[in-house]
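K.L.:
Return a 3D structure for these sequence lines:
(one chain, ligands or ions: 2)
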Amino acid sequence: MPSRTDGLDPGVVVEVRQAIEGGSVVAFTGAGVSAESGVPTFRGPGGLWRNHRPEDLATPGAFARDPELVWEWYRWRRSLVARCQPNAAHLALATRATDGSRLTVVTQNVDGLHTQATRAVAGDGRVERASPLELHGSLFRDRCTACTYQEERVPSAAVDADGAGGDPHSGPLPVCPSCGHMLRPDVVWFGEALSRSTLDAAFEAAATADVCLVIGTSGVVFPAAQIPMITHERGGTVIDVNPTTTALRSVARYHIVGTAAEVVPALLDAGWEHPVA
Ligand code: BJW
Ligand code: ZN
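P.N.:
Ligands and ions are numbered 1, 2, ... in the order given. Below is the predicted model of the structure:
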C-alpha cells in the first residue's frame, strides 16, 4: 500500500524536488488534471461514461455504424473544451518542462491544455522541444479515414469549422479535401493502436525517470497505464496525486490525496522555503 498523505508531506516534496534538480521526472496525466479547468473526466461521478457507453462512441465500430452520433459527441466536446483554459497544474508542469528541468509530460488527454500551457509559459518557439507526448491524440485534429490527410486547428477555429457557433447538431460531416472520404477525429479509440513513436518515447521517459508523478488518472486504460509500472520496475518512485485511490496503488510509493491544481504547483514550483503541511 502506498503511504497516504493528506496534503503535502515534506518528505515527498524533498524527493520530487531532488529528482527535478538532479534527475528526471515523467509526469503522467489523465482527465483529472483538467477537471479544475472544467473538462469532464470519463469515469466516476459526473464522468462522460455515466451518460454514454464507450462502445457507442469511442470505438471504430461505433464510428462505422453511426458517424453522425460520434461526430455529434466530439463536436459537443470540442465546443466545451474550447472554452476551457489550462489550470495551475498544467502551468506548473509546463514551467518545469521548459525551464531546463528534466521533466517530460506524457498525457492521455486529448484536450490540448498541456500544449496551451506550454505556449503560455514559454511561447511558441519552445513548445516543440517541450511538447507533451499525447498518447491518445488530439480533439482538435481531424484525419482522413482513407488517406494520410490530417488537419489541426486552434480550438476556436475547429469549433467554427464544425458548424454555426459550435452547435454540435449543425453542419455537414467533414470530408477530406484531398480524396473526398470522411474525416474523423484524430484520437485513439478502444481497440486502436497508439502511435508507436509516441508510445516508445513515453516508455523511454518512464524507464529513465527517477520519479513518475501520476496525476488525475484512474490508471485502467492500457497500454498507457504501463508507464508508472515501468518507472516502478526500474527502481523509480511513483507518486499518485488524486482525490481518490486508483488502480495504480500497488506501484505508488505515495498517494497524495488532493486535486491537481492544489497539489502539483506546490510540489513542483514551491521553493524549499514553501510551507508544506
Ligand atoms: C482528479 C481530479 C482533480 C478527478 N485532480 N484528479 C490490458 C488489459 C486489459 C485491457 C487492455 C489491455 N491492453 C489493451 C487493452 C484494451 C483497452 C483497455 O485498456 N481497456 C481497459 C479499459 C479494460 N485499450 C485499448 O483498446 C487501447 N488500444 C490497444 O490496446 O490497441 C491494441 C492494438 C495494437 C495493435 C493494433 C491494433 C490494436 C486504446 C485505448 C484508447 C483509450 N481511448 C480513450 C478515448 C480517447 C479519445 C477521447 O477522449 O474521446 O482515452 S478512453 C478514455 O480513457 C480516454 C482517456 O485518455 C482514458 C483514460 O482515462 P483517465 O484519464 O484515466 O480518466 P478517468 O475518468 O478514468 O479518471 C480520472 C481520474 O481523475 C480519476 O481517478 C479521478 O479520481 C481523478 N480526478 N478530479 C486530480 N481535480
Ligand atoms: Zn483523404
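
K.L.:
When you work out contacts or count neighbours from here on, use the C-alpha atoms and nothing else.
P.N.:
Noted.

K.L.:
Could you point out the helix or strand that follows the longest helix along the chain?
P.N.:
Of all segments of type helix in the chain, defined using DSSP state H, the longest is helix 67-81. Scanning forward in sequence from helix 67-81 by DSSP states H and E, the next helix or strand is helix 88-98.

K.L.:
and that following helix, average pLDDT?
P.N.:
Average pLDDT, helix 88-98: 94.

K.L.:
could you say what helices and strands that helix packs with?
P.N.:
Applying 3 or more Cα pairs under 8 Å, 6 or more residues apart in numbering; DSSP states H and E, we find helix 88-98 packed against strand 102-107, helix 113-122, helix 260-269.

K.L.:
in stretch 213-221, what's buried?
P.N.:
With burial defined by 16 or more other Cα atoms under 10 Å, the residues of stretch 213-221 counted as buried are 213, 214, 215, 216, 217, 218, 219.

K.L.:
Would you work out how far apart the start and end of that stretch are?
P.N.:
Distance across stretch 213-221, first residue to last, is 17 Å (Cα to Cα, to the nearest Å).

K.L.:
And for that stretch, what's in contact with it?
P.N.:
Contact partners of stretch 213-221, identified using Cα atoms under 8 Å, 6 or more residues apart in numbering, comprise 25-33, 43, 225, 228, 238-242, 246-248, 259-260.

K.L.:
Please repeat the previous calculation with a cut-off of 7 Å.
P.N.:
By Cα atoms under 7 Å, 6 or more residues apart in numbering, the residues outside stretch 213-221 that reach it are 26-33, 225, 238-242, 246-248, 260.

K.L.:
Could you see whether ligand 1 lies near stretch 117-137?
P.N.:
Yes: contact of stretch 117-137 with ligand 1 (Cα under 6 Å from any ligand atom) involves residue 136.

K.L.:
Could I get the average pLDDT for that stretch?
P.N.:
Mean pLDDT, stretch 117-137: 86.

K.L.:
Contacts for it next, please.
P.N.:
So stretch 117-137 is in contact with 86, 90-91, 94-95, 97-98, 104-110, 114-115, 186-188, 194, 198-199, 202, going by Cα under 7 Å, 6+ apart.

K.L.:
on that earlier part again, same list (the buried residues of stretch 213-221) but as JSON lines, adding distance to residue 3, pLDDT and secondary structure.
P.N.:
Converted to JSON lines, those look like this (distance: Cα to Cα, whole Å; pLDDT from 0 to 100; DSSP: H, G, I helix; E, B strand; the rest coil):
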{"residue": "213", "distance to residue 3": "15", "pLDDT": "96", "secondary structure": "strand"}
{"residue": "214", "distance to residue 3": "15", "pLDDT": "97", "secondary structure": "strand"}
{"residue": "215", "distance to residue 3": "16", "pLDDT": "98", "secondary structure": "strand"}
{"residue": "216", "distance to residue 3": "17", "pLDDT": "98", "secondary structure": "coil"}
{"residue": "217", "distance to residue 3": "18", "pLDDT": "98", "secondary structure": "coil"}
{"residue": "218", "distance to residue 3": "18", "pLDDT": "97", "secondary structure": "coil"}
{"residue": "219", "distance to residue 3": "18", "pLDDT": "97", "secondary structure": "coil"}
